[in-house]
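1. Need the 3D shape of this:
(4 chains)
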Number of protein chains: 2
Amino acid sequence: MVFATRGRRNGTTLEEVASRAGVSRATVSRVVNGSPKVSPDVRRAVEAAVSELGYVPNRAARSLVTRRSGSVGVVITEPSGRLFSDPFFPRVLRGISGALTARDLQLVLLMPASPADTTRTADYLTGGHVDGILLVSLHGDDPLPDRIARAGVPFVVGGRPLRTPAASFVDVDNRGGSRSAVEHLIAGGRQVVATIAGPADMGAGVDRLAGYHEALSDAGIEADPRLVARGDFTQESGAAAMERLLTARPDIDAVFAASDLMASGAMAVLAAANRRIPQDVAIVGYDDSPVATSVTPRLTSVRQPIEEMGHERARLLVDAVEGTDPVQRRVILATELVRRASSAGRRVP
Amino acid sequence: MVFATRGRRNGTTLEEVASRAGVSRATVSRVVNGSPKVSPDVRRAVEAAVSELGYVPNRAARSLVTRRSGSVGVVITEPSGRLFSDPFFPRVLRGISGALTARDLQLVLLMPASPADTTRTADYLTGGHVDGILLVSLHGDDPLPDRIARAGVPFVVGGRPLRTPAASFVDVDNRGGSRSAVEHLIAGGRQVVATIAGPADMGAGVDRLAGYHEALSDAGIEADPRLVARGDFTQESGAAAMERLLTARPDIDAVFAASDLMASGAMAVLAAANRRIPQDVAIVGYDDSPVATSVTPRLTSVRQPIEEMGHERARLLVDAVEGTDPVQRRVILATELVRRASSAGRRVP
DNA sequence: CGAACGCGTGAGAGCGCTCTCACGCCGACC
DNA sequence: GGTCGGCGTGAGAGCGCTCTCACGCGTTCG
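-> From the prediction side, this is the model:
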């Protein structure tokens, strides 16, 4: 065996700590796991031995008997475009990571790229290797949630799932966020408000469009299907959608895009069509990503508490894993409209 | 125990497969691990039993005896700004993930946020819980590489480490990339070429600045310290740097920024100072991130093979872990200059 | 004053797997 | 025809940990 020496790295075992402290393995185990049934002096002795020897429990051995892995799987299934251009995921991950480390759980990241990968991922997740699962950015046709639910592994999905049965989830108030964006445009004196919506198979796509419609109907404005174009959250799709909108309704004077990237694509098209922003057409994006401040004029956008979302998701999952909270839960976080030059009103808002 | 039933999820053990196939545990183990010392019919019988029972090996039990965890730690230590605005990490992760799954290794993601976190992370990594470590985006003063090296865990760092002893690493050709950018500016007839450099404690910061200097000296242009300003790769720092440059040398006619975000910050400042891009000042960025195509005019930038970097790093690490390649290795990947409007030349290049 | 109890502790049985070693079988060789 | 060698297989010993159970002690109660 090539690795013989390497394997010997961390030799300290419970046994060694026990003999050093002059107690049994069981007692050391109790101390390490914080059982209250240990007398103070014995506890002190054991703790001393532990730190002198630099003892670190062997997770594999522990898992073997407890049947818990001490890790949760975080699955990111994103076809392509979005993942590569959206600075969204690192922040969600950071939030998740923080909440998980606080509970001493390991974060196992899974990013299946091919269908074959997805199968392997599912096998792994349902094979008892993780105590819980976090599904980030779910699409409507993803078979994963069903398989996981059937296997009985606790899981939390990010973003409102469109058809997943009884899953706990954490989402931002997509509907409220987009409603506030559209209300802001109307309050600025805009009459013909178009929207570039997200994919119909994602909660964020559906809900943001719903918010748009709500705001219109609240304002007594009739909806026009020619004012709605779909994109997939990417810049290119935003540009293409804007082209279509401009052709269908040249009199557009405001656009609400369901992502900043789509908004930036739309802005380029508007500029090419000689529409001034915001004088001729006002525009609002969604995500408040760095792109919002790098375009000219700077983009009004709906800000979401991204890290808090990650954090909240992990918290929900941990609760589910630890069994304290077996019920299904839904958490909706508030958004905030960040006003910038791209949507300055015609009349004072 | 609350989890008693839950733990019973995946009951199939080697033992059960063995009795079903009418062989011993040892033989099943051999088949599962692809040992050649098994006769064809026995192998078939075992494989049948495995698939009938849906057997999945218990990783914990296996780890316990092999002393290998089957997982590698990926550490992302990024103070703040960059991580949150750079769409760089998801792609690196995707590359890493792909290479790792191909070798059946699990990706454990660690994102220490506080100093206390960093200590825990180090303890975890050196505690024998991972077979290898991937350090992404290292800073000069990070104590992690030293600790890891001392503990004898194989590791690979991303980006050229400034002072880490004998570490294998994979990096892009930062120097060559920035040199090509600056050469391009000079070829376009620019005389006073400034640079907004990255942090002095990161390989990418140092090397990109070196490339700038090389290009100047090759062209016989004398360097002027007033033409160099430092940023930390963020948009804000780019803007601030541009302000300083403009004050120090108002006659600047070209800028090479070590990141697209810094370039976009600089562009806003240039616009505010009524400098036309590219007529008065040409500008080139680095990373070819989505920001490059969302600014006006679109930004010339140095593209790096990001996913390939992740992939390559993982591959190096796997080799190190599997002992096939114990030596230190360095891999440098080529970059490509993507020309756009922001650097159109004065004379035909 | 004896029985009952509680508490802290230790002994020991596994958890599911790998790996060494020994064994039985068969063909080859002298 | 006996011996040797090699190959495929099985028995069994752990890997480091947790957890049940039993034990001994001191205390309390009838």
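2. chain center to stretch A:121-129: distance?
-> 21 Å (CA atoms, centre = their mean, to the nearest Å).
3. Backbone dihedrals for residue A:168, both of them.
-> Backbone geometry at residue A:168, expressed as degrees, to the nearest 10, gives phi -80, psi 150.
4. pretty sure it contacts residue A:320?
-> Yes - counting by CB atoms under 8 Å, residue A:168 does reach residue A:320; the two are 6.5 Å apart. In short, each C-beta sits where N, CA and C put it, glycine included.
5. which SSE is residue A:238 in?
-> Per DSSP states H and E: residue A:238 is located in helix A:235-248.
6. quick one on the thing from earlier: hey, what's in contact with both of residue A:168 and residue A:320?
-> Any residue near both residue A:168 and residue A:320 by CB atoms under 8 Å, 6 or more residues apart in numbering or on different chains counts here, and that gives A:155, A:156.
7. Other residues contacting the helix holding residue A:238?
-> A:81, A:85, A:194, A:196, A:226-227, A:229-231, A:252, A:255, A:257, A:259, A:261-266, A:268-270, A:273, B:290, B:293-294.
8. try 6 Å this time
-> Residues outside helix A:235-248 that contact it (CB atoms under 6 Å, 6 or more residues apart in numbering or on different chains): A:194, A:196, A:226, A:229, A:231, A:257, A:261-262, A:264-266, A:268-269, A:273.
9. Would you map the helices across the stretch 101-250 of chain A?
-> For the stretch 101-250 of chain A, applying DSSP state H, counting those that start in this stretch gives helices covering A:115-126, A:144-151, A:174-187, A:203-218, A:235-248.
10. tell me the average confidence for the second one?
-> To tie it back to what came earlier, the one meant is helix A:144-151. Taken as a whole, helix A:144-151 has a mean pLDDT of 87.
11. swap in stretch A:155-163?
-> Stretch A:155-163 comes out with an average pLDDT of 76.
12. What of stretch A:294-303?
-> 92.
13. got the end-to-end distance for that stretch?
-> 16 Å (CA to CA, to the nearest Å).
14. Figure out how far that stretch is from the centre of its chain.
-> Mean C-alpha position of stretch A:294-303 versus that of the full chain (CA atoms, centre = their mean) differs by 22 Å.
15. buried residues in it?
-> Within stretch A:294-303, the residues that count as buried by 16 or more other CB atoms under 10 Å in any protein chain shown are A:294, A:295, A:296, A:298, A:299, A:300, A:301, A:302, A:303.
16. Let me see the contact set for the closest residue to the last one other than its chain neighbours.
-> Nearest in space to residue A:303, with sequence neighbours left out and distances taken as CB to CB, 6 or more residues apart in numbering or on different chains, is residue A:288 at 3.7 Å. Listed by CB under 6 Å, 6+ apart, the contact set of residue A:288 reads A:301, A:303, A:338.
17. Of the residues you listed, which belong to strands?
-> Within the contacts of residue A:288, residues falling in strands by DSSP state E are A:301, A:303, A:338.
18. Which residues outside stretch A:116-124 are in contact with it?
-> By CB under 6 Å, 6+ apart, the residues outside stretch A:116-124 that reach it are A:110, A:112, A:147.
19. rewinding a little: the ones in strands among the contacts of residue A:288 into JSON lines, with extra columns for distance to DNA strand D?
-> JSON lines is the format used below for the ones in strands among the contacts of residue A:288 (distance: CB to the nearest atom of the strand, whole Å):
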{"residue": "A:301", "distance to DNA strand D": "48"}
{"residue": "A:303", "distance to DNA strand D": "43"}
{"residue": "A:338", "distance to DNA strand D": "48"}
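20. Can you tell me which of these is nearest DNA strand C?
-> For the ones in strands among the contacts of residue A:288, the closest approach to DNA strand C (CB to the nearest atom of the strand) belongs to residue A:303, at 47.9 Å.
21. Verify the stated contact: the closest one with residue A:339.
-> No - with contact defined as CB atoms under 6 Å, residue A:303 does not reach residue A:339; the gap is 10.7 Å.
22. tell me which parts of chain A are close to DNA strand C?
-> Residues of chain A lying near DNA strand C by CB under 7 Å from any atom of the strand: A:1, A:22-27, A:30, A:36-39, A:41-42, A:61, A:64-65.
23. so how far does stretch A:275-282 reach from one end to the other?
-> Terminal residues of stretch A:275-282 lie 10 Å apart, using CA to CA.
24. could the buried residues of stretch A:294-303 be laid out in a markdown table, adding distance to residue B:102?
-> Putting the buried residues of stretch A:294-303 into a markdown table (distance: CB to CB, whole Å) gives the following:
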| residue | distance to residue B:102 |
| --- | --- |
| A:294 | 36 |
| A:295 | 39 |
| A:296 | 43 |
| A:298 | 43 |
| A:299 | 40 |
| A:300 | 44 |
| A:301 | 39 |
| A:302 | 39 |
| A:303 | 38 |
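25. For DNA strand C, give me its nearest residue in the stretch 101-250 of chain A.
-> Nearest residue of the stretch 101-250 of chain A to DNA strand C, counting by CB to the nearest atom of the strand: residue A:128, 9.4 Å away.
26. what separates residue A:293 from chain B, distance-wise?
-> 7 Å (CB to the nearest CB, to the nearest Å).
27. and what of residue A:225?
-> Per CB to the nearest CB, residue A:225 is found 28 Å from chain B.
28. Then residue A:300?
-> Counting by CB to the nearest CB, the gap from residue A:300 to chain B is 15 Å.
29. Quick check: bridge partners of that residue?
-> Taking DSSP bridges as the rule, residue A:300 bridges to residue A:284.
30. what sits against it?
-> Residue A:300 touches A:284, A:339, A:340, A:342, A:343, counting by CB under 6 Å, 6+ apart.
31. In this structure the last one contacts residue A:284, no?
-> Yes - counting by CB under 6 Å, residue A:343 sits close enough to residue A:284 to count as a contact (5.1 Å).
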